[in-house]
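1. Predicted model follows, preceded by the sequence.
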Protein chains: 4
Amino acid sequence: MRSRSVDQTTQSHQLRRDAELNRQRILKAAAEVFTERGLGVTLDQVAEQAGVGVGTVYRRFPNKEALADALFVDKLDQVRRAAEAELDNPDAWDALAGFLEQAVTLIAADRGLRQILMFATYSTDQIQQARARLQPFVIQLVERAQREGVVRADLHPSDMALIEFMLTVPAEYAWHVRPSVWRRYLTLILDGLRPARAAATPLPEPALSRAELQRVHDPDARTLGTAGGP
Amino acid sequence: MRSRSVDQTTQSHQLRRDAELNRQRILKAAAEVFTERGLGVTLDQVAEQAGVGVGTVYRRFPNKEALADALFVDKLDQVRRAAEAELDNPDAWDALAGFLEQAVTLIAADRGLRQILMFATYSTDQIQQARARLQPFVIQLVERAQREGVVRADLHPSDMALIEFMLTVPAEYAWHVRPSVWRRYLTLILDGLRPARAAATPLPEPALSRAELQRVHDPDARTLGTAGGP
Amino acid sequence: MRSRSVDQTTQSHQLRRDAELNRQRILKAAAEVFTERGLGVTLDQVAEQAGVGVGTVYRRFPNKEALADALFVDKLDQVRRAAEAELDNPDAWDALAGFLEQAVTLIAADRGLRQILMFATYSTDQIQQARARLQPFVIQLVERAQREGVVRADLHPSDMALIEFMLTVPAEYAWHVRPSVWRRYLTLILDGLRPARAAATPLPEPALSRAELQRVHDPDARTLGTAGGP
Amino acid sequence: MRSRSVDQTTQSHQLRRDAELNRQRILKAAAEVFTERGLGVTLDQVAEQAGVGVGTVYRRFPNKEALADALFVDKLDQVRRAAEAELDNPDAWDALAGFLEQAVTLIAADRGLRQILMFATYSTDQIQQARARLQPFVIQLVERAQREGVVRADLHPSDMALIEFMLTVPAEYAWHVRPSVWRRYLTLILDGLRPARAAATPLPEPALSRAELQRVHDPDARTLGTAGGP
DNA sequence: GATGAATGAGTATTCATTCAT
DNA sequence: GATGAATGAATACTCATTCAT
């Protein structure tokens, strides 16, 4: 039935299409408002942005967390595609480094996601599965580099995730003053990942200046109030 | 020192002392509950732990944020003392590395602080001043190491803070399963800080296992709900 | 009877039959879920149990209340049949007592109905009519008993309904610990209905024990929250 | 300290007095709105009636149920006083009957309470204690009557509560058309409580007329919607 | 100064009902 | 007719902050 690809005319499919459309709208809206204003936003705000009623959001996602998880799953799959693509890179080191860069680029662009990384439930089935889909590619990237001796031997594939998360910090921290500063620290870490090296790789970004440090947190965007930590 | 300087009526003296005592009690209580339960606790809880009324907390600190900032200032001063102490270390590299380790140890032990680092206002006068007090020591540590050629030349003193914050991530992330795992990443970064090196320093902690990754977020301790992000 | 009367296109005939089938399905489903979980269930749950969409429920019944009323009408008709049957009982007293017992048995078995009795609209036309259908039989039962002097003279037929409703209370109250305890109070009331009597009829059930009283309300089943009372 | 009765001047007492005053205001308001509109009212509505903020209500009572329980405890204590008073009645039967009448009068006057009787948690400590305070007096009333042979021998003290609850039904049912009709059924039950009797006691109220039956439920006051059953 | 009582805006979530497909 | 997606008003409860005592 579904294999007739383009032409789907049954009524129930019609409905599903509408519903799916709304689901996409909601995810898009959530990505937007989470990115702009962080996880603290109301699902009402998400609904408004999506142009649907709150009830609709709740019909698709049992609660805020589930919505955040869905976004996370989406992003994990994008990261997987990046890993997959880098496997084609003939240079094992470039592949690994390129993967990290792309992964952090994806994550660092999305403020909501950066928070999700710290707060989301990592035990959701959905997330477990997305993680499982990503894992093999990362393992290949790491093991190939180790086989070729271009990365330190004691690096473990699971370190990759932590490194990505760590690089999230400069991105979040300097979001308002210099969002790209995380590349400086990526270079630093990459230098740490080498088994041995003759010289330091020049850091690609200047450090945050004193002035930048002072403007680090945009007062408008901040709120500490009811912040329930993990 | 303070108890002798100015001559005032015993009455007001008493009051000042009481007030200061209360201030200390509140800070101590806040450190405790923030550490145990994160920034999400109510000020009523802080007040209760301190054995004072909420009103008293508000008399000492204009709002919750200011209290968090004060704790941060406290911690910055501890970090300063660590930096100061490491200046006596005859080995410039050991001094720098030792400082980083101590700094992260101080920060990583304190859950509330880890959250403050992501959420607190960094532009408070108090914080600016504490930062200013710390800065010269860090500069000395970095510059001495650079002078002796034991650290990469393009490291900037302000990088140190970002590195500390980054290492906060594995600490926070793996808090329930292996709080010490951040040392693994400290070693990695230290290797990255070297100007050149013949071999990789063995990583001191095993990577998070698959099982640990699954238990990363303690469901009891998590809450996303009204989490107001920065 | 209905299948023969009017001659219509098979089409519309079919539709009517389907519609009636659905109506029955919905009533059955409603009876089931109301009985199991009380009136608090959503109409979505009723629809699901019936295997139809919510929209279909609303096509058959203008709102939740109307559905409840329909169930009540159903039950009233069952009660009517009980009354009708008892008219054949040669003993006027036994007929009256037997009717009460059967009526309460019917009502007490159904949790949703017990709640409907407190909350439903009693002025619906449907209900008025069902009541009207029942009334003559009750009148006969009462008047025969009075004529034979086996029941107090000042009993009014309309008292019967109130007595049934009253007996609903022990049934609802002790639902989790001893659903049959209402028989104790039926006996008590029957003794009160006698014009005169030489002795008390032994009560058929023990009173609720202290332990039973404490378990009266099953914490799992209770909810007060948004309970909209009458 | 407190024994100095009238003159209390310590500050903390001052505050307690205010708080207690508000507590009383809230209880009074709750009794009023519960009585008028049933348990379905919002605590916001209770707060408004009391002239305080919702927060204040929640400061005194953790939730709606606790407030309802508190009212119930209050009422149980009034019932206890009624029982206590009736012990002085030289006629054992009159005492028992008088107690029932007073108890139902107290309960039937309060619509919220009638609902609480069906929905409240009966396992609260507060309620257990209030019940424990009442129990001995009821036992005395029943046992004295049994000793004197004026009540049926198999009546159990715990029956008294159920009888009161049962009589709540006509009160609730006929609330808008004839709130006093429950007396008719009290008489009936009292006749049932006698060990033997020569004649029926004339029922003190006429039965509900057909017209009254039709007006039984005030459409304004009804709501079925989210009614969560017990 | 200290207290803790009071406040009320704010939030996640539910569910009866409507309506486009 | 049937479906189930969409709606959004309504509700219980929290907590940072203020202020009377």
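-> Received, thanks.

2. all contacts plus neighbour counts: C-alpha atoms, from now on.
-> Fine.

3. model confidence over the helix or strand hosting A:V73, on average?
-> Assignment of secondary structure by DSSP states H and E places A:V73 within helix A:64-86. In this model, helix A:64-86 has an average pLDDT of 92.

4. which residues touch the closest residue in space to A:L76 that isn't next to it in sequence?
-> Nearest residue to A:L76 in three dimensions, chain neighbours excluded: A:A130, at 6.3 Å (Cα to Cα, 6 or more residues apart in numbering or on different chains). With contact taken as Cα atoms under 8 Å, 6 or more residues apart in numbering or on different chains, A:A130 is in contact with A:73, A:76-77.

5. I'd like the next helix or strand past whichever strand or helix holds A:A130.
-> A:A130 is part of helix A:125-147, with elements assigned from DSSP H and E. Counting by DSSP H and E, the element after helix A:125-147 in chain order, helix or strand, is helix A:157-173.

6. Go through that following helix and flag the buried ones.
-> Neighbour counts over helix A:157-173 (16 or more other Cα atoms under 10 Å in any protein chain shown) mark A:157-160, A:162-173 as buried.

7. For those residues, work out which two are farthest apart.
-> Within those, two members stand farthest from each other by Cα to Cα: A:P157 and A:Y173, at 26.1 Å.

8. A:P179 is in contact with A:E212, correct?
-> No - taking Cα atoms under 8 Å as the contact criterion, A:E212 and A:P179 are not neighbours in contact, 11.3 Å apart.

9. on that earlier part again, report all helices and strands that the helix holding A:V73 contacts.
-> With contacts defined as 3 or more Cα pairs under 8 Å, 6 or more residues apart in numbering or on different chains; DSSP states H and E, the secondary structure elements packing on helix A:64-86 are helix A:11-37, helix A:92-108, helix A:111-119, helix A:125-147.

10. can the shortest one be found next to DNA strand E?
-> Yep, that's helix A:111-119 we're talking about. No - Helix A:111-119 does not reach DNA strand E (Cα under 7 Å from any atom of the strand); its nearest approach is 13.4 Å.

11. orientation of that helix relative to helix B:157-173 in degrees?
-> Angular relation of helix A:111-119 and helix B:157-173 on a 0 to 180 degree scale: 50 degrees, by axes from the mean of the first three to the mean of the last three Cα atoms, to 10 degrees.

12. ok now helix A:111-119, how far from the chain's centre?
-> Centroid displacement of helix A:111-119 relative to its chain, using Cα atoms, centre = their mean, to the nearest Å, is 8 Å.

13. got any ranges where chain A has weak pLDDT?
-> When the per-residue scores of chain A are filtered using pLDDT under 70, the ranges that remain are A:1-16, A:118-123, A:217-230.

14. Spatially nearest residue to A:N89 (excluding sequence neighbours)?
-> For A:N89, ignoring the flanking residues on the chain, the nearest one in space by Cα to Cα, 6+ apart is A:A95 at 5.4 Å.

15. residues in contact with the residue nearest to A:K64 when sequence neighbours are not counted?
-> The shortest distance from A:K64 to any residue that is not its chain neighbour, by Cα to Cα, 6+ apart, is 6.7 Å, and that residue is A:L43. By Cα under 8 Å, 6+ apart, the contact list for A:L43 reads A:54, A:57, A:64.

16. Over to A:W182?
-> A:167-171.

17. Got phi/psi on it?
-> Per-residue torsions, A:W182: phi -60, psi -20 (degrees, to the nearest 10).

18. With A:L155 instead?
-> According to degrees, to the nearest 10, A:L155 has phi -70, psi 140.

19. Could you measure from it over to B:R215?
-> Using Cα to Cα, to the nearest Å, A:L155 is found at 21 Å from B:R215.

20. Spell out which residues of chain A are next to DNA strand E.
-> Proximity of chain A to DNA strand E is assessed by Cα under 7 Å from any atom of the strand, with A:11, A:14-15, A:40-44, A:54-55, A:58-59, A:62-64 identified as the residues in range.

21. quick one: A:R60 from A:A66, how far?
-> Taking Cα to Cα as the criterion, A:R60 is separated from A:A66 by 9 Å.

22. Kindly format the C-alpha coordinates of the helix holding A:A130 as PDB.
-> What follows is helix A:125-147 as a C-alpha-only set of coordinates in PDB (Å, rounded to 0.1, in the frame of the first residue of the first chain):
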ATOM      1  CA  ASP A 125      14.400   3.700  23.800                       C
ATOM      2  CA  GLN A 126      14.400   6.100  20.900                       C
ATOM      3  CA  ILE A 127      17.700   7.600  22.100                       C
ATOM      4  CA  GLN A 128      19.200   4.200  22.800                       C
ATOM      5  CA  GLN A 129      18.400   3.200  19.300                       C
ATOM      6  CA  ALA A 130      19.800   6.400  17.700                       C
ATOM      7  CA  ARG A 131      22.900   6.000  19.800                       C
ATOM      8  CA  ALA A 132      23.200   2.400  18.600                       C
ATOM      9  CA  ARG A 133      22.900   3.500  15.000                       C
ATOM     10  CA  LEU A 134      25.700   6.000  15.500                       C
ATOM     11  CA  GLN A 135      28.000   3.800  17.500                       C
ATOM     12  CA  PRO A 136      29.400   1.500  14.800                       C
ATOM     13  CA  PHE A 137      30.500   4.400  12.600                       C
ATOM     14  CA  VAL A 138      32.300   6.100  15.500                       C
ATOM     15  CA  ILE A 139      34.000   2.800  16.300                       C
ATOM     16  CA  GLN A 140      35.200   2.400  12.800                       C
ATOM     17  CA  LEU A 141      36.500   6.000  12.700                       C
ATOM     18  CA  VAL A 142      38.400   5.500  15.900                       C
ATOM     19  CA  GLU A 143      39.700   2.000  15.200                       C
ATOM     20  CA  ARG A 144      40.900   2.900  11.700                       C
ATOM     21  CA  ALA A 145      42.800   5.900  13.100                       C
ATOM     22  CA  GLN A 146      44.300   3.700  15.800                       C
ATOM     23  CA  ARG A 147      45.200   1.000  13.300                       C
END
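
23. List the buried residues for it?
-> For helix A:125-147, the neighbour count (16+ other Cα under 10 Å) marks A:127, A:130-131, A:134-135, A:137-146 as buried.
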